[in-house]
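Colleague: Pasting the sequence and the predicted model now:
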Amino acid sequence: MKHTLLVNNIYSKLSKFIYLIIIAISVLLWVRGYRIYLNNTLAPVEDVISSMKNLSNSIEQQINFSAKEVQFSLQENSINSTNKKSFQRIFSVIYNTSQYFYGVGYFWNPKIINYGEYIFENGQGQLKIATMDDIYQEHQTKYYLRPWFTTILKEKKELIFSPQVSWGGNQDNSMTYTFPILKQKEVYAVGVFDIPMHVFEHDLNSLRQLDLHKNEFHIYYVSKPYEGAHDSNWYYGIENSKTQITNTKIISKLDSVYNQTKTHKFFDWFYYEGSIYKKISLVKGEVIFILEYDLKWIFIFTIIYILSIFLFIKIVLYGTRRFLIKKIAFITDTISEISHQASDLIQNKFNNTFVVPSSNRILEIDQLVKSLEYMRINIQSLMLKERDLERSKTELELAAQLQKKMIPEFYFQSLQDPFYNSISIAARFVAARTLSGDLYDVVVKDPYIYIFVGDSTGKDLTAAFFSLLVLGQFRLLCQYSYSPKEILFELNNFLCKIDAENMFISAICLQIDLGNRYITWSNAGHENPILYDRRGELFVSQSSEPDIILGVVENSTYALHAVPATADIQHIVLFTDGITESCSPQGEFMGVEFLQSTVAATIKNGDSAEQICQKILDVSVIFEGVFGTDVENKSDDKTIAVVSLF
């Protein structure tokens with residue numbers, strides 16, 4: 001039962017995916033096949049259409065040439081109203097030389113003479129010339145009252161009429177081309193060329209003979225509205241014979257196709273209501289054929305195709321479901337046995353080794369069991385490490401407490417002196433982590449004040465212990481009234497003898513001689529101090545680059561830098577690189593110049609040593625974009641010591 005539920009869950013998700021994949025592939029194959037089929041089927045039709053367009057071009061060339069020939073003859077022969085036979089000869093030559101005209105005619109402007117002739121071939125193959133009065137008298141009208149004549153007389157441009165029943169005796173529908181015959185920019189006469197539809201008969205027969213599934217291919221041509229005959233399009237079906245369409249449904253459909261309203265284009269054909277259509281415009285757009293190819297049988301085939309696809313998918317999924325039930329049953333039984341062993345992990349029983357079931361023959365199951373066994377061993381190891389970590393954490397907290405006692409976060413001392421009146425010493429110490437590598441100390445031994453600031457490598461327990469040893473030794477050396485360079489010399493040798501691997505300290509030792517009012521210092525790879533005189537201006541010493549850091553080379557010597565009493569120093573600032581290397585979110589360092597400008601601003605405000613320390617620390621924190629007490633965001637330890645001499 002569990003197997004069936006699991007398979008049904010997989011089956012429901014898998015079936016949707018398979019349905020989508022197979023249907024998508026099927027649709028793509030159907031569309032591709034459908035296009036190939038229609039292209040191959042309609043290729044012969046396109047060949048005939050190309051032939052009809054070539055014929056249309058020939059007819060248009062014949063029309064244009066003949067119309068120009070008439071106009072040329074008019075100018076050359078100086079035809080006038082008393083020479084009727086001259087026009088007759090011209091149009092007779094045009095009729096005889098043209099292979100496309102059923103009949104040709106000319107009609108004088110009635111202001112010149114009320115006369116016109118039509119030249120055509122009668123049913124016995126004889127050339128016949130009829131006057132326009134004879135032709136139009138049967139219809140009780142005059143040629144010069146017909147719209148085609150009055151429009152040309154007014155607009156002086158050619159007119160084309162789509163195929164109509166001719167009044168001149170032709171029983172076949174003819175396309176009529178009329179044009180003005182101009183003399184001195186006035187319409188002298190109007191010419192007429194009639195082109196019968198049977199000139200397209202050869203191409204139409206070619207279309208009729210195509211095997212396009214018999215009743216599924218239809219050919220129509222359009223007779224546009226003609227005054228006095230009909231006000232709407234007439235359609236003729238010409239698959240077998242030229243018959244006017246009277247079925248209103250077919251006429252409505254052909255009207256929609258003719259107007260091309262809201263049709264969907266399928267390559268060069270138009271789709272509309274289950275069929276595709278091709279509209280062919282010939283002879284200056286007045287002879288229009290509509291080809292129709294019925295797709296109903298293709299739709300039936302498509303439905304059968306889709307049903308077959310769905311049936312195929314059902315069969316595939318049914319077989320897949322039966323296959324999955326067998327396979328899932330084997331897998332779930334094996335996993336069930338593993339789950340019993342895994343439940344021991346939940347109950348904190350880590351001593352039971354995972355064993356691969358003997359019936360298992362699946363590589364993935366074997367890998368799962370090995371992974372669980374590996375996890376069990378790792379958990380045991382992590383538990384031991386966690387106990388060690390707790391012990392180390394306790395030791396680390398004790399070391400941090402000891403370090404804070406030796407290196408307080410806040411330091412302030414005020415001294416009285418006969419010369420300076422008041423001496424203020426302030427320091428701030430901010431650790432980036434639990435333990436710090438920075439260290440500082442202040443020792444007052446009359447008549448000297450010693451200030452020591454250092455930065456050891458590392459921030460672990462070893463570095464903290466190392467810094468405490470340095471502070472202890474520093475305090476001892478101060479008792480001997482050593483100069484700063486002697487103190488650094490002794491500290492360096494002391495650290496070199498300890499020989500702690502990769503443990504070094506950069507440091508600066510500054511001494512204030514209250515008796516002689518001298519300020520001296522020595523620098524072991526540390527930042528130089530900043531000194532300001534009583535005018536609040538930066539005092540630039542002649543000190544060279546810092547000497548080698550402590551703990552590297554034994555017996556290294558250190559230069560002694562001094563500031564005489566005449567310099568009248570009032571403020572001294574010592575600091576570690578955690579201040580100057582404060583990094584902004586944009587990756588810029590605070591730098592010494594920025595620190596100097598900050599100190600100068602606080603001095604001008606008359607701030608005390610404590611206020612100067614706090615201001616420097618605040619600016620550093622703001623520069624880094626670090627707020628609050630989250631030490632994880634602090635880049636480095638920060639130590640500042642300030643001496644104010646008043």
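Modeller: Perfect, thanks for sending it.
Colleague: I would like the residues contacting stretch 494-507, please.
Modeller: For stretch 494-507, contacts defined as C-beta atoms under 8 Å, 6 or more residues apart in numbering pick out 439, 452-458, 462-463, 466-467, 469-470, 473, 488, 491, 524-526, 546, 549-554. From N, CA and C alone the C-beta is placed, and that goes for glycine too.
Colleague: 6 Å instead?
Modeller: The contact list for stretch 494-507 (C-beta atoms under 6 Å, 6 or more residues apart in numbering) reads 454-457, 466, 473, 524-526, 549-552, 554.
Colleague: Please apply the same query to stretch 92-107.
Modeller: So stretch 92-107 is contacted by 59, 62, 66, 87, 91, 116, 118-120, 132, 143, 168, 170, 174, 189-196, 199 (C-beta under 6 Å, 6+ apart).
Colleague: Okay, and which of those map to helices?
Modeller: Those of the contacts of stretch 92-107 mapping onto helices are 59, 62, 66, 87, 91, 132, per DSSP state H.
Colleague: ok, so of those residues, who is nearest Tyr518?
Modeller: Ile59 (120.2 Å; C-beta to C-beta).
Colleague: rewinding a little: now list the buried members of the contacts of stretch 494-507.
Modeller: For those, a neighbour count by 16 or more other C-beta atoms under 10 Å gives the buried set as 454-457, 466, 473, 524-526, 549-551.
Colleague: For stretch 525-535, buried residues please.
Modeller: 525-532.
Colleague: and the residues you listed as JSON lines, adding pLDDT, secondary structure and distance to Glu46?
Modeller: Formatted as JSON lines, the buried residues of stretch 525-535 follow (pLDDT from 0 to 100; DSSP: H, G, I helix; E, B strand; the rest coil; distance: C-beta to C-beta, whole Å):
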{"residue": "Gly525", "pLDDT": "93", "secondary structure": "coil", "distance to Glu46": "90"}
{"residue": "His526", "pLDDT": "94", "secondary structure": "coil", "distance to Glu46": "92"}
{"residue": "Glu527", "pLDDT": "91", "secondary structure": "coil", "distance to Glu46": "89"}
{"residue": "Asn528", "pLDDT": "92", "secondary structure": "coil", "distance to Glu46": "92"}
{"residue": "Pro529", "pLDDT": "93", "secondary structure": "coil", "distance to Glu46": "96"}
{"residue": "Ile530", "pLDDT": "93", "secondary structure": "strand", "distance to Glu46": "92"}
{"residue": "Leu531", "pLDDT": "93", "secondary structure": "strand", "distance to Glu46": "98"}
{"residue": "Tyr532", "pLDDT": "92", "secondary structure": "strand", "distance to Glu46": "97"}
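Colleague: Nearest to Ala432, out of those residues: which one, please.
Modeller: Using C-beta to C-beta, the buried residues of stretch 525-535 come closest to Ala432 at Glu527, 17.2 Å.
Colleague: Quick one: residues contacting the closest one.
Modeller: Contacts of Glu527 by C-beta under 6 Å, 6+ apart are Phe575.
Colleague: how far away is it from Leu254?
Modeller: Applying C-beta to C-beta, to the nearest Å, the value for Glu527 to Leu254 is 96 Å.
Colleague: swap in Leu495?
Modeller: 107 Å.
Colleague: swap in Trp108?
Modeller: With C-beta to C-beta as the criterion, Trp108 and Leu254 are 40 Å apart.
Colleague: Next: Lys296.
Modeller: Applying C-beta to C-beta to Lys296 and Leu254 gives a distance of 17 Å.
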